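> got a predicted structure here, sequence first:
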Amino acid sequence: DEKLFFCIGDVSGKGVPAALVMAVTRTLFRNVASHTDKPAHIVDTMNANITEGNDNQMFVTLFVGVLDLASGRLSYCNGGHNAPYIQDVTLPVEPNLPVGAWADWQFVEQETVIRSGETIFLYTDGLTEAENASQEQFGEDRTTEVIAAQTKQSASPQALIDAMTNAVHEFVGDTEQSDDLTMLAIRFSK
């Protein structure tokens with residue numbers, strides 16, 4: 001129905017248990033999203049399934065968006081994840097709890113309109129928490145600076161990802177990566 005479904009998430013913990021939770025999360029997203037275009041309903045259903053039998057107390061921070069490609073209307077639900085950017089402005093989000101944290105949590109759905117040519121940038125906390133040799137974090141200010149510079153140049157989504165990757169690598173230097181880093185950039189063109 002001319003709608004783009006997308007999500008980004010970050011599972012708590014490391015190793016095989018975390019990988020299994022992420023695999024279940026991906027499968028749930030695909031299955032639930034095939035039946036509804038309401039982000040809060042998608043996240044509510046995923047939460048109910050992940051909390052059931054969650055003996056390891058693992059959770060997933062998650063951001064789910066549904067972009068109507070005809071109108072630019074973006075419906076979204078945030079499950080404890082970093083707020084994405086629209087251009088160089090942070091999208092206002094209800095923080096909600098992470099998925100899997102509390103079975104009866106009611107997730108809040110929000111909505112905004114994206115204009116043609118605007119880019120949505122999503123990321124995991126491995127970006128802002130990337131550390132250099134002095135244990136300083138890359139942080140939100142540096143993230144915003146890179147996005148603002150790329151927005152001024154009307155950079156493509158790939159150019160934005162490349163610029164952010166280069167900025168993080170330059171900042172971190174030879175320091176070993178402590179967390180995974182995932183980024184997603186989507187430009188709405190009408």
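Nice, thanks for sending it over.
> please name the residues that touch residue 24.
Residue 24 makes contacts with 49, 50, as judged by C-beta atoms under 8 Å, 6 or more residues apart in numbering. Heads up, the C-betas are built off the backbone N, CA and C, glycines and all.
> mind checking which helix or strand it is in?
Assignment of secondary structure by DSSP states H and E places residue 24 within helix 15-33.
> so what pairs up with the spatially most central residue of the chain in the strands?
Per C-alpha atoms, centre = their mean, the C-alpha nearest to the average position across the chain is that of residue 8, at 3.7 Å. Here residue 8 sits in beta bridges with residue 63, going by DSSP bridges.
> surely it touches residue 184?
Yes - the pair residue 8 / residue 184 is scored as a contact, 5.5 Å apart, by C-beta atoms under 8 Å.
> how about residue 49, nearest residue that isn't a chain neighbour?
residue 28 (5.6 Å; C-beta to C-beta, 6 or more residues apart in numbering).
> re earlier: give the contact list for the residue nearest to the centre of the chain.
Here residue 8 is in contact with 62, 63, 81, 84, 122, 123, 124, 182, 184 (criterion: C-beta under 8 Å, 6+ apart).
> show me just the buried residues among the residues you listed.
Those of the contacts of residue 8 that meet the buried threshold are 62, 63, 81, 84, 122, 123, 124, 184, by 16 or more other C-beta atoms under 10 Å.
> how much space separates the fifth one from residue 84?
Spatial separation of residue 122 from residue 84 under the definition C-beta to C-beta, to the nearest Å is 4 Å.
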